[in-house]
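**Q** With the input below, show me the fold.
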Amino acid sequence: MIQSSVKSLLALTAPLENALVQGWVKTRRDSKTFSFLEINDGSCQRNFQVIVDATCPGYETIKSVLTGTAVSIEGAVVASQGKGQSWEMHASRFCIVGSCPETFPLQKKGHTVEFLREIPHLRARTNRFGAMFRVRSRLAFAVHNFFQSRGFHYVHTPLITTSDCEGAGELFRVTTLPLENLPKTESGAIDYSQDFFNKQAFLTVSGQLEAETLACALGKVYTFGPTFRAENSHTSRHASEFWMIEPEMAFTDLSGDIDVAEAFVKYLVNDIVENCPDELAFFDKFVSKGLLERLRHVLERPFVRVSYTEAIGILQKSGEKFEFPPVWGEALQSEHERYLTERHFQSPVAVYDYPKDAKPFYMRQNDDGKTVAAADLLVPGIGEIIGGSQREERLERLLDAMKKAGLDLETYNAYIDLRRFGSVPHAGFGLGFERMLMFVTGEGNIRDVIPFPRTPGSAK
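**A** Got it, this is the predicted structure:
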């Protein structure tokens, strides 16, 4: 017999004479001659009620069924007489697949997210994290749908790289050198010529540079994969391993880049609102009240566009006592971003034309000599969710910026070649997948939107 998911059984439009459901028991309630079981198989937010009576084969084991027990049940699916569900199963065969003792840590009570982070291998069985990882799955699907429907090509960029795209130096080193006996050069430095790649190599912080090269041949491309930052940050928004979505578009300027970024955010929000209603209702009720209203607000209003200089002026004139006073030339802090989105504009905001000294070398320099064609998309509750820019396509300008950044030009030869051979204006952005998940679910900590989070000092 083919197994039916709880989701498909709850969506039935007519009874079924015989069905097979398999999953884990959430609760068991006993009467004199029968028991009620609430079953969940991870396919949806809701549980499925099964009635097992004393005549059912296997009923003799029912008393050993505790929360967390894995079961396999066959029976008829009929209209439910109780409240809260349309259908229920009357079991004709009951079997315990995997028993679960009373020491199972996820009993029917509330658990803090801090406690659940200590058992990442089990927390997906809770309502909160089951909902989260279903939303994560759907959001990843929506990412591909958005780009594929718009003629983008999905490309794979290397996870091992010899360059630092952001220039911040926060990289994880990849090496096969014997750490207890490192080879040295005559000057006493580590001899990386004896390493696996004959030079220093790292886990990537971004696939952007490689995506740019492919966009300058395929037109429009996007990456969607893991990235790594060796940043010793213990905030609720940073992780050492996370997923990034990075589109790159040839023949596109900053305005066009912002257009795509705004459409992308709205598409993802709309997809989750339409396809994960039960999960969002749960998050709205138990995690972040007002979540659904905030998401609809994003869908209904265009993003406000304001220059960095204008944004600094708004913050300085606000009369607000910020922990970090806004100063032209310095990065916007999270408190600044949230003030702009939640209080001043009460809308998502695209901030553009940032000071060039605060941004990486590859961003296109504006004619004012002070700013670059960069843009960040800010959303209520999170702050920055997308960072992007028009890339510097002028060879001499790019070389000048790289020299000022102290970069080894030979390492970036392929990137520089793009400006030598048929250079075109192009632009792109990066969206942190986990940041987007935090936004659409209302979760406040990045550790709670990744199945197995990697953060400084923790790699369970």
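
**Q** Pull the contacting residues for the residue nearest to residue 251 when sequence neighbours are not counted.
**A** The shortest distance from residue 251 to any non-neighbouring residue, by CB to CB, 6 or more residues apart in numbering, is to residue 424 (5.6 Å). In this view, the C-beta of every residue, glycine as well, is placed from N, C-alpha and C. Residues in contact with residue 424 (CB atoms under 8 Å, 6 or more residues apart in numbering) are 216, 250-251, 393.

**Q** In three-state terms, how would the nearest residue to residue 264 once chain neighbours are set aside be classified?
**A** Once flanking residues are discounted, residue 264 sits nearest to residue 146: 5.8 Å by CB to CB, 6+ apart. What DSSP: H, G, I helix; E, B strand; the rest coil gives for residue 146 is helix.

**Q** Contacts only, for residue 146.
**A** Going by CB under 8 Å, 6+ apart, residue 146 touches 263-264, 267-268.

**Q** quick revisit: any idea what the residue nearest to residue 251 is structurally, helix, strand or coil?
**A** Going by three-state DSSP: residue 424 is coil.

**Q** How much space separates it from residue 78?
**A** From residue 424 over to residue 78 the distance is 64 Å, taken as CB to CB, to the nearest Å.

**Q** And for residue 406, the neighbour number?
**A** 8 (other CB atoms under 10 Å).

**Q** Likewise for residue 119?
**A** 14.

**Q** mind listing what's buried in the helix or strand containing residue 213?
**A** Residue 213 is part of helix 208-218 when elements are defined by DSSP states H and E. For helix 208-218, a neighbour-count test (16 or more other CB atoms under 10 Å) marks 208-216 as buried.

**Q** Closest to residue 54 out of these?
**A** residue 211 (63.4 Å; CB to CB).

**Q** In this model residue 155 seems to touch the closest one, though I could be wrong.
**A** Yes: judged on CB atoms under 8 Å, residue 211 makes contact with residue 155 at a distance of 6.3 Å.

**Q** where along the stretch 151-300 of the chain do the helices fall?
**A** Remark: helices assigned in the stretch 151-300 of the chain by DSSP state H, counting those that start in this stretch are 208-218, 254-275, 277-286, 291-300.

**Q** now the ones you listed as JSON lines including distance to residue 233 and mean pLDDT?
**A** Listed next are those as JSON lines, based on distance: least, CB to CB, whole Å; pLDDT from 0 to 100:
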{"stretch": "helix 208-218", "distance to residue 233": "21", "mean pLDDT": "95"}
{"stretch": "helix 254-275", "distance to residue 233": "24", "mean pLDDT": "98"}
{"stretch": "helix 277-286", "distance to residue 233": "25", "mean pLDDT": "97"}
{"stretch": "helix 291-300", "distance to residue 233": "26", "mean pLDDT": "92"}
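
**Q** which stretch among those comes nearest residue 65?
**A** Between residue 65 and those, the tightest spacing by CB to CB is seen for helix 277-286, at 25.3 Å.

**Q** orientation of that closest one relative to helix 254-275 in degrees?
**A** Per axes from the mean of the first three to the mean of the last three CA atoms, to 10 degrees, the angle that helix 277-286 makes with helix 254-275 is 90 degrees.

**Q** Now that residue 206 has come up, it's in contact with residue 246, right?
**A** Yes: counting by CB under 8 Å, residue 206 touches residue 246, with 6.7 Å between them.

**Q** who's more crowded, the two?
**A** Taking other CB under 10 Å, residue 206 and residue 246 do not tie; residue 246 has more neighbours (24 against 21).

**Q** Tell me if I'm right that that one and residue 208 touch.
**A** Yes: with contact defined as CB under 8 Å, residue 246 reaches residue 208; the gap is 5.4 Å.

**Q** Quick check: neighbours shared by the two?
**A** Contact criterion CB under 8 Å, 6+ apart; residues shared by residue 246 and residue 208: 428, 430.

**Q** hmm, back to that, check what pLDDT the residue nearest to residue 264 gets.
**A** Per-residue confidence (pLDDT) for residue 146: 98.

**Q** same deal with residue 110?
**A** On the pLDDT scale, residue 110 gets 86.

**Q** cool, and residue 236?
**A** Residue 236 is assigned 85 on the pLDDT scale.

**Q** quick one: contacts for it?
**A** Applying CB under 8 Å, 6+ apart to residue 236 gives the contacts 444-447.
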